[in-house]
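Undergrad: Curious how this folds, go ahead:
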Amino acid sequence: MAPSGRLRRFVRRYVAPFLTDILNFRPVATVANLPVNHFHYWRRRLTHLAWALVCVSSWQVAQLGAAQAEAVAPPSADFRIVAYVASWSIPTIIHPEKLTHINFSFARIINGRVALENEAVAASLKALRALKSKNPRLKVIVSVGGWTADGFSDAALTDVSRSTFARSAVELLREYAVDGIDLDWEYPGQGVAGIKYRAEDKQNFTLLLKTLRQQLDAESAARGRTASDRYLLTIAAADREYFDHTEMDKLYVYLDWINIMSYDFFNSLTSTTGHHAGLYRSELAAAKDRDANAAVKQYLAAGIPAGKLVLGVAFYGRGFAGVTPLNNGLNQPYERYEADHSYAELEEQFIGKHEFVRYWDERAQAPYLWNSATRTFITYDDSQSIEVKTRYAKENHLGGIMFWELSQDRDGELLDVIARSRR
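TA: Predicted structure coming up:
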């Protein structure tokens, strides 16, 4: 780390002249032979040198302390870093000091009850729970559901089914000594993922969350968990039509926060390419196209406090093949969905390799890759876009940053950007 400008000026003013005098020094017989003004001159120079050495030493100590603090300082309490961690891909190395919350994915709904599918899933949860020994402030939350996960509509249907679901959730918290429940119902009132749904999911979801909140609070009181230590209740939620099938203006009061899934805006179900996690709308985007900023505004318009909104970012990209070769493939029709790619895979095999060129959309504040030879387009988040989004979250007083999914950032580049930017 380079020295500060103030230190450099001090060295030039005091240390450099002293060294010059040393180099030009002509010895005399004894100190007694020094003229009085010469003696005072050297005393001043020695005093300056002593102060310089003190300043240099203090600066070195300060820089060492700052470097150590940057390496281990926990995140500030008012800005969450929420990591979804999949049971099937637990990273070998996890830095819990860089996280505030882990959402373990996933528990399922089995016969109306929250449960872990098998012993392997249970072992993964226990491994994550053990990270609290390294960061006692870390909260481990069990996320229930996920894409194509069924059972929510039935669990939310009646007073009895809701109570059964909530009791089983509390029992799971007790058994595995975790800190809360996150519901990832994709989606209430919609069958796009091939799950059962009903029109009354809209009201029943609110009632399910109310029941969960009541039972979690009762358990918190029984265990003496108060204030920020009470059991947590969160959801992963989307935008646009998600609001048509939920009572967002009512249900948020039962939640500690909402994880906005501000990604997957373009995917295998959309007719064109586009930024799947763009912060803003691209210049060529259609009026119906989605972006993270518009999603946040929709939540705020529903009366949800900004501090209860956690902005989602993607640690993966989405590829499209046979893309019309206009505008470097951005917002163009395509022939087939190519694949999902973790950020680690993009770094190793795609970015700047095999004729893939990285572009930056200034308006959308999003990167993308284009291969003109194969007509392949890949949309993703990277360190630049995530730094912008972290700043956006802070400037708009949001409750933090969430991401899917930790193992996809193998070298920790993206997490480091979030942890560094929000301190």
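
Undergrad: ok, so what distance separates residue 156 from residue 205?
TA: Plainly put, residue 156 is 6 Å away from residue 205 if you go by C-beta to C-beta, to the nearest Å. The C-beta positions use only the backbone N, C-alpha and C, and glycine is treated the same way.

Undergrad: so what sits against both of these two?
TA: Residues touching both residue 156 and residue 205 by C-beta atoms under 8 Å, 6 or more residues apart in numbering: residue 188.

Undergrad: show me where the stretch 51-200 of the chain has helices.
TA: Taking DSSP state H, counting those that start in this stretch as the criterion, the stretch 51-200 of the chain carries its helices at 119-129, 152-155, 159-176.

Undergrad: so residue 393 is in which element?
TA: helix 383-395 (DSSP states H and E).

Undergrad: can you list contacts of that helix?
TA: The contact list for helix 383-395 (C-beta under 8 Å, 6+ apart) reads 79, 277, 279, 292-293, 311, 313, 360, 365-367, 381, 398, 400-401, 413-414, 417-418, 421-422.

Undergrad: List buried residues within the residues you listed.
TA: 79, 277, 279, 292-293, 311, 313, 365-367, 381, 398, 400-401, 414, 417-418, 421-422 (16 or more other C-beta atoms under 10 Å).

Undergrad: So, low pLDDT: which residues of the protein?
TA: Low-confidence segments of the chain, defined by pLDDT under 70: 1-77, 422.

Undergrad: what lines up beside the longest strand belonging to it in the sheet?
TA: In the chain, with assignment by DSSP state E, the single longest strand is strand 101-110. The strands that strand 101-110 pairs with in its sheet are strand 80-86 (parallel), strand 113-115 (antiparallel), strand 139-145 (parallel) (by DSSP bridges).

Undergrad: Out of the buried ones among the contacts of helix 383-395, which sit inside helices?
TA: Among these, the subset assigned to helices under DSSP state H consists of 292, 293, 414, 417, 418, 421.

Undergrad: Please report the distance of the fourth one from residue 391.
TA: The gap separating residue 417 from residue 391 is 10 Å, by C-beta to C-beta.

Undergrad: Would you agree residue 172 is in contact with residue 109?
TA: No. Assessed by C-beta atoms under 8 Å, residue 172 is found out of contact with residue 109, at 11.6 Å.

Undergrad: circling back: go ahead and produce CSV holding the CA coordinates of the longest strand of the chain.
TA: Output in CSV follows, covering the C-alpha atoms of strand 101-110 (Å, rounded to 0.1, in the frame of the first residue of the first chain):
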residue,chain,number,x,y,z
HIS,A,101,-26.8,-14.8,6.7
ILE,A,102,-26.8,-18.2,5.0
ASN,A,103,-30.0,-19.5,3.4
PHE,A,104,-29.6,-23.3,3.3
SER,A,105,-31.3,-24.6,0.2
PHE,A,106,-33.6,-26.5,0.4
ALA,A,107,-35.9,-28.2,2.8
ARG,A,108,-39.1,-29.6,1.2
ILE,A,109,-42.7,-30.0,2.0
ILE,A,110,-43.4,-33.7,2.6
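
Undergrad: Only the buried residues of it, if you could.
TA: Quick answer for strand 101-110 (16+ other C-beta under 10 Å): 101, 102, 103, 104, 105, 106, 107, 108, 109.
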